[in-house]
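sequence and computational prediction follow.
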Amino acid sequence: MLSDKFLKLFERRGGQIGKRLQSILAHMTEDDDVDRRRECILKGLCVYLNEDPAYLLREFVAEDEFRIQEAIEETTVGIYVVKHDATSKPEDIGIVLEGQQVLQDLDSIVLAVAMLFGLMYVLNLNYPDDLKYSFEVLQKIVMELEGTMLSKKVQCVPNVFQNELQNDLI
């Protein structure tokens, strides 16, 4: 399963990035929610590739509508999550393109990432510079779309997956 491979990949990472990954993955043990697990893996992927998951996902907790709308208008590409408090379930999850809410009231963050990826792919939009490697992994490794040419930074991911498969066979 691909999520298990990502988890093994994250567990092997050391240094500051490894510590950030451990912090993100610790949230997976809070409950058995599969969407929460997938969300942590997506955030971990960003961190593993030295990208900030805050560029992908912005959470707003108990803020007024004006501040939320102002932040959305300043966002080029991303996902927003509105919560009543830090521990509550999201009240709204949506997608922003060019400062406009294009989708809202989505069921989960993972669905929002998939929809955002699909919108960017179908509309032939360039991936944001701050997340280009994360989207490249989603496109070429996870979705297996046009996966023949990988950037040097992303080439390490399938190599680690291949090494993991060889270790499992031994």
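Structure's in. What do you need? Keep in mind that this is a model prediction, so the values were computed, not measured.

so who does the most centrally placed residue in the chain touch?
Centroid-nearest residue in the chain, with C-alpha atoms, centre = their mean: L42, separated by 3.3 Å. Under the criterion of C-beta atoms under 8 Å, 6 or more residues apart in numbering, the contact list for L42 reads P53, L56, I109, V110, V113, S134. No exception for glycine: its C-beta is placed from N, CA and C like everyone else's.

from G18, how far out is the third one?
Relative to G18, I109 is positioned 23 Å away (C-beta to C-beta, to the nearest Å).

neighbours of D64, how many?
9 (other C-beta atoms under 10 Å).

now swap in S88 and tell me
10.

OK, contacts around it?
Contacts of S88 by C-beta under 8 Å, 6+ apart: none found.

confirm that it sits in a helix.
No - according to DSSP: H, G, I helix; E, B strand; the rest coil, S88 belongs to no helix; its state is coil.

do you know how far it is from G99?
Taking C-beta to C-beta, one finds S88 at 27 Å from G99.

which residues touch stretch 130-145?
Contacts of stretch 130-145 (C-beta under 8 Å, 6+ apart): 2, 42, 45-46, 49-52, 55-56, 77, 113, 117, 120-121, 127-128, 146-147, 150-151, 153-154, 157-158, 161.

now, the residues you listed that are in helices?
2, 42, 45-46, 113, 117, 120-121, 153-154, 157-158, 161 (DSSP state H).

among those, name the buried ones.
Among the ones in helices among the contacts of stretch 130-145, those scoring as buried are L42, L45, C46, V113, F117, M120, Y121, V154, V157, F161 (criterion: 16 or more other C-beta atoms under 10 Å).

list the contacts for the fifth one?
By that I understand F117. F117 neighbours (C-beta under 8 Å, 6+ apart): F135, L138, Q139, M143.

if we use 6 Å, what do you get?
L138 (C-beta atoms under 6 Å, 6 or more residues apart in numbering).

mind pulling up the pLDDT for it?
On pLDDT, F117 comes in at 93.
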